[in-house]
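Participant: Pasting the sequence and the predicted coordinates here, then a few questions.
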Amino acid sequence: MNYLYMDSSALVKRYYNEIGSDLMEGFYQQEYTKIIVSVIAVVELGSTFARKLRERNIDENKYEKFLLNSWMIMSMNISR
């Protein structure tokens with residue numbers, strides 16, 4: 001199994017199309033890769049999407065979809 005650490009800027013690319021999103025999607029598609037994030041990355045990710053909502057770069061539906069997907073994925077994959 002491969003382990004890949006992602007910071008919040010890499011995680012944003014999963015949910016918001018920007019430069020580098022295609023590259024990051026390749027990592028998500030690899031079958032035997034476990035993605036590791038820090039606890040603070042979860043907070044930073046939420047903050048980034050709240051800012052994108054305030055700046056009207058995303059709509060409320062996209063924001064709610066991000067919250068639902070990210071929290072479900074993060075809660076299922078927390079290692080202690």
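Facilitator: Looks like it came in fine. Residues are numbered from 1 along each chain as shown.
Participant: what number of residues lie near K13?
Facilitator: K13 is flanked by 19 other residues according to other C-beta atoms under 10 Å. C-betas here are computed from N, CA, C, even on glycine.
Participant: Quick one: list the elements packing against the strand or helix carrying it.
Facilitator: Assigned by DSSP states H and E, K13 falls within helix 8-15. Of the remaining helices and strands, those touching helix 8-15 by 3 or more C-beta pairs under 8 Å, 6 or more residues apart in numbering; DSSP states H and E are helix 21-29, helix 39-54, helix 60-76.
Participant: Apply 7 Å and report the result again.
Facilitator: With contacts defined as 3 or more C-beta pairs under 7 Å, 6 or more residues apart in numbering; DSSP states H and E, helix 8-15 has these neighbours: helix 21-29, helix 39-54.
Participant: now the angle from the longest one to helix 8-15?
Facilitator: Meaning helix 39-54. Calculated by axes from the mean of the first three to the mean of the last three C-alpha atoms, to 10 degrees, helix 39-54 forms an angle of 50 degrees with helix 8-15.
Participant: Same check on the shortest one?
Facilitator: When the same axes, to 10 degrees is applied, the directions of helix 21-29 and helix 8-15 differ by 90 degrees.
Participant: I'd like the next helix or strand past helix 21-29.
Facilitator: strand 33-36.
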